[in-house]
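Chemist: Structure for the following, please:
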Amino acid sequence: MKKTALITGASSGIGKEFAKIHAEKGGDLIIVARSEDKLNELKNELQQAHNVQVIVIAKDLTDTNAPKEIYEELNAANIEVDYLINNAGFGGIGRFDKRDLEKDLSMIQLNITALTALTHYFLQDFVARNTGKILNVSSTASFMPGPMQAVYYATKAYVTSFSNAIAEELHDTNISVTTLMPGATETDFGKTSGMDKTELFENTASPRTVAEDGYNSMLESDLDVISGITFSQKILMKLLPFIPKKTMLKRIRKMQEV
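Modeler: Numbers count the residues shown, from 1 in each chain. This next block holds a predicted model:
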C-alpha cells in the first residue's frame with residue numbers, strides 16, 4: 001500500500017532529498033515550504049519520474065496559524081498522512097545580544113513551535129489508527145550549548161528531548177518517533193545562517209546521504225540517528241561528557257566565530 005509523507009522544508013536541501021527518496025519508493029507526498037515555485041517544480045519532476053501524487057502547500061511556518069491550517073486543509077480533503085517528516089528549520093550566527101531578536105523569535109517559532117504543533121495534530125490521527133511514523137530533524141548541536149548560535153542550539157536540544165520523550169510515551173503503540181541529528185551538511189542552511197564561513201562547515205556531508213540515513217532509520221523505527229559527521233567529530237561526541245564545560249564552550253565558540 002502506498003504511504004503518504006508530509007515533508008516540511010521540502011523545497012531544498014535535506015527536505016528535497018526526503019521527497020525524492022519517498023517518491024522513488026512509490027509513495028505519495030505532501031510537500032510544504034514557503035516557495036511555491038520551487039515546490040511546483042519538484043512536484044512536476046517527481047510526478048513525471050515516479051508516477052506518484054504530490055500535493056503542494058505553500059506556507060510560511062513562522063506564521064503561528066500555519067500548522068493548524070495545514071492540518072485542517074488536509075483533514076477537509078480526507079487526506080491521511082502516514083509519515084510526518086518535520087524538516088523545516090533555520091539558524092543564525094552571532095552574539096545573542098547583537099542579533100536581531102525578531103529573527104531569533106522566528107527561529108523558535110519554526111524550529112520548536114511549528115514542529116510541536118504539527119506533531120500534535122498528526123499524532124492524534126496516528127494514535128486513532130494505531131499506525132504512523134514521525135521523523136523530526138534535530139542536529140548534533142542538540143548535544144551541547146552553542147556559543148555564537150545560542151538560540152539555534154537550544155531549539156535543537158528541545159527537538160531531541162521532545163522527540164525522545166514522546167517516543168517513549170508511545171512505547172505500547174505501532175507508532176514510532178525518530179530523531180535525525182545531522183552534522184554540518186551541504187545545504188542552503190550554511191549560507192543563510194552564515195555558518196559556511198566557519199571552521200565547523202569546512203567538511204560538509206551530502207544532503208542525500210543524511211536524508212537516506214534519516215529516512216531508513218524512520219522505517220526501522222529507530223530512536224536516534226546521527227549522520228554526516230567526520231571521524232574526528234565522532235571522537236569529540238564521545239568525549240563530550242568528560243570535557244569540562246567551560247573548555248567545551250570555548251572550543252565551540254572558536255569553531256563558530258567568523
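Chemist: contacts and neighbour counts: CA atoms only from here.
Modeler: Fine.
Chemist: residue contacts, the residue lying closest to L170 once chain neighbours are set aside?
Modeler: Among residues not flanking L170 along the chain, S176 sits closest, at 7.2 Å (CA to CA, 6 or more residues apart in numbering). Each residue near S176 by CA atoms under 8 Å, 6 or more residues apart in numbering is listed here: 132-134, 167, 170, 218, 221-223.
Chemist: Tell me the buried residues within those.
Modeler: Neighbour-count burial (16 or more other CA atoms under 10 Å) applied to these gives 132-134, 167, 218, 221-223.
Chemist: Could you export stretch 168-185 as PDB, CA atoms only?
Modeler: Written as PDB, here are the backbone C-alpha positions of stretch 168-185 (Å, rounded to 0.1, in the frame of the first residue of the first chain):
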ATOM      1  CA  GLU A 168       8.700   6.500  25.000                       C
ATOM      2  CA  GLU A 169       5.100   7.700  25.600                       C
ATOM      3  CA  LEU A 170       4.100   5.700  22.500                       C
ATOM      4  CA  HIS A 171       6.000   2.500  23.600                       C
ATOM      5  CA  ASP A 172       2.900   0.400  23.500                       C
ATOM      6  CA  THR A 173       1.700   1.500  20.100                       C
ATOM      7  CA  ASN A 174       2.600   0.900  16.500                       C
ATOM      8  CA  ILE A 175       3.800   4.500  16.200                       C
ATOM      9  CA  SER A 176       7.400   5.500  16.100                       C
ATOM     10  CA  VAL A 177       9.200   8.800  16.600                       C
ATOM     11  CA  THR A 178      12.800   9.000  15.200                       C
ATOM     12  CA  THR A 179      15.200  11.900  15.700                       C
ATOM     13  CA  LEU A 180      17.700  12.700  12.900                       C
ATOM     14  CA  MET A 181      20.800  14.600  14.100                       C
ATOM     15  CA  PRO A 182      22.900  15.700  11.200                       C
ATOM     16  CA  GLY A 183      26.300  17.400  11.400                       C
ATOM     17  CA  ALA A 184      27.300  20.100   9.000                       C
ATOM     18  CA  THR A 185      25.500  19.400   5.700                       C
END
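Chemist: Much appreciated, bye for now.
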